[in-house]
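*Asks:* Need the 3D shape of this:
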Amino acid sequence: MTDYVAYHSSELMGREYWPTEHFQFFSRKAESFLRRAIGCRVWVIVSVRDDSRMAYRLAGVFTPSVVRSENDGFGIIGTGTPFRPPFKVTALPWFTELLREQNKFSFGFNPIRSESIIAELRRLLDQHGGESVLQPDEVALPSHFFEGATRQVSINRFERNPYARRKCIDHYGCRCSVCGFDFEESYGDLGRGFIHVHHLKPLSEIGEVYQIDPIADLRPVCPNCHAMLHHGTDLMSIEALRKRIQSGITAALQQVE
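*Replies:* Below is the predicted model:
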């Protein structure tokens, strides 16, 4: 899986980039090139003028799901984990190598070739990344409320970790583990790479420090099944929900007969 870097110059664009969970980036590169980034990690680097020097910050990491035509180029759209505020990287030892590799980001949007740089970016996310982010349809009944959002943080802090999510999907694919639904089969390119990731371990067993095993602990599920797994007072197992669906299908067929 290729990692990419997207560069935003506040000086050239005339405005600063403030990261949110929704990622949108404009590029004039070929559509076929940009589509390769769908489902991959895209690291957003922003620059601002600090006195006479250019300062660089890491704004977040995102997973594009859509590439669409916009004016004389293309918009790349997705969701992910923002850094709030963007994390200063100018003085970090590995950043000079990234500047050199990306020709001072003159490419605008391009793959990252160095595995050591990718490892450093991942370490930064683990240590300093923003809060995990809900998909628009992942809002759950909350136990804690925050102004401007309705979230159950204890669930999504684990389920939306971008690295664990990616490893889970790489292993199991994007087909729902409960009902078998595949978004790409039904929606084409629009649905490519789209799926929720569900944590199998009950929240009561998860402490503040917890090391996720993406293969053992996570499963890809569609939004409907994800909501049903978390519906009620106890977390339902994938096997139990699968049996409920099968029982419903059997009962419906019996009524038809």
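*Asks:* alpha carbons only for contacts and neighbour counts from here, please
*Replies:* OK.
*Asks:* count of neighbours near Leu200?
*Replies:* Using other C-alpha atoms under 10 Å, Leu200 has 16 other residues around it.
*Asks:* Now do the contacts for the residue nearest to Glu70 when sequence neighbours are not counted.
*Replies:* Spatial nearest neighbour of Glu70, excluding adjacent residues (C-alpha to C-alpha, 6 or more residues apart in numbering): Phe26 at 8.0 Å. Contact partners of Phe26, counting by C-alpha atoms under 8 Å, 6 or more residues apart in numbering, are Glu70, Gly73, Phe74, Gly75, Ile76.
*Asks:* With Val44 instead?
*Replies:* The neighbours of Val44, taking C-alpha under 8 Å, 6+ apart as the test, are Val5, Ala6, Tyr7, His8, Leu58, Ala59, Gly60, Val61, Phe62.
*Asks:* And the longest helix belonging to the chain, what's buried?
*Replies:* When secondary structure is assigned using DSSP state H, the longest helix within the chain turns out to be helix 238-256. Judged by neighbour count (16 or more other C-alpha atoms under 10 Å), helix 238-256 contains these buried residues: Ile238, Leu241, Arg242.
*Asks:* I figured the last one was touching Gly180, is that so?
*Replies:* In other words, Arg242. No: with contacts counted by C-alpha atoms under 8 Å, Arg242 stays clear of Gly180, the gap being 9.8 Å.
*Asks:* Tell me where the stretch 1-150 of the chain has helices.
*Replies:* For the stretch 1-150 of the chain, applying DSSP state H, counting those that start in this stretch gives helices covering 10-13, 31-35, 95-101, 115-128.
*Asks:* so which of those comes closest to Ala251?
*Replies:* Nearest of the helices of the stretch 1-150 of the chain to Ala251, taken as C-alpha to C-alpha: helix 31-35 at 43.0 Å.
*Asks:* who touches the closest one?
*Replies:* The set of residues external to helix 31-35 that reach it, using C-alpha under 8 Å, 6+ apart, is Val66, Val67, Phe74, Ile76.
*Asks:* can you pull the buried residues of it?
*Replies:* Of the residues in helix 31-35, those with enough neighbours to count as buried (16+ other C-alpha under 10 Å) are Glu31, Leu34, Arg35.
*Asks:* again with stretch 176-191
*Replies:* Within stretch 176-191, the residues that qualify as buried by neighbour count (16+ other C-alpha under 10 Å) are Cys176, Ser177, Val178, Cys179, Phe181, Asp182, Phe183, Glu184, Asp189, Gly191.
*Asks:* how far does that stretch sit from the chain's center?
*Replies:* Computed by C-alpha atoms, centre = their mean, to the nearest Å, the chain-centroid distance of stretch 176-191 equals 17 Å.
*Asks:* and if you look at stretch 66-76?
*Replies:* Centroid separation for stretch 66-76 versus its chain: 20 Å, with C-alpha atoms, centre = their mean.
*Asks:* Return the members of the contacts of Phe26 classed as buried.
*Replies:* Of the members of the contacts of Phe26, the ones counted as buried by neighbours, 16+ other C-alpha under 10 Å, are Phe74, Gly75, Ile76.
*Asks:* Would you mind giving those residues as a markdown table with distance to Arg219 added?
*Replies:* Listed next are the buried ones among the contacts of Phe26 as a markdown table, based on distance: C-alpha to C-alpha, whole Å:
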| residue | distance to Arg219 |
| --- | --- |
| Phe74 | 32 |
| Gly75 | 30 |
| Ile76 | 26 |
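*Asks:* Out of the residues you listed, which is nearest to Lys167?
*Replies:* The shortest gap between Lys167 and any of those belongs to Ile76, at 22.3 Å (C-alpha to C-alpha).
*Asks:* give me every residue that touches the closest residue in space to that closest one that isn't next to it in sequence.
*Replies:* For Ile76, the nearest residue in space outside its immediate sequence neighbours is Val67; the separation is 4.7 Å by C-alpha to C-alpha, 6+ apart. Under the criterion of C-alpha under 8 Å, 6+ apart, the contact partners of Val67 comprise Glu31, Leu34, Arg35, Ile38, Phe74, Gly75, Ile76, Ile77.
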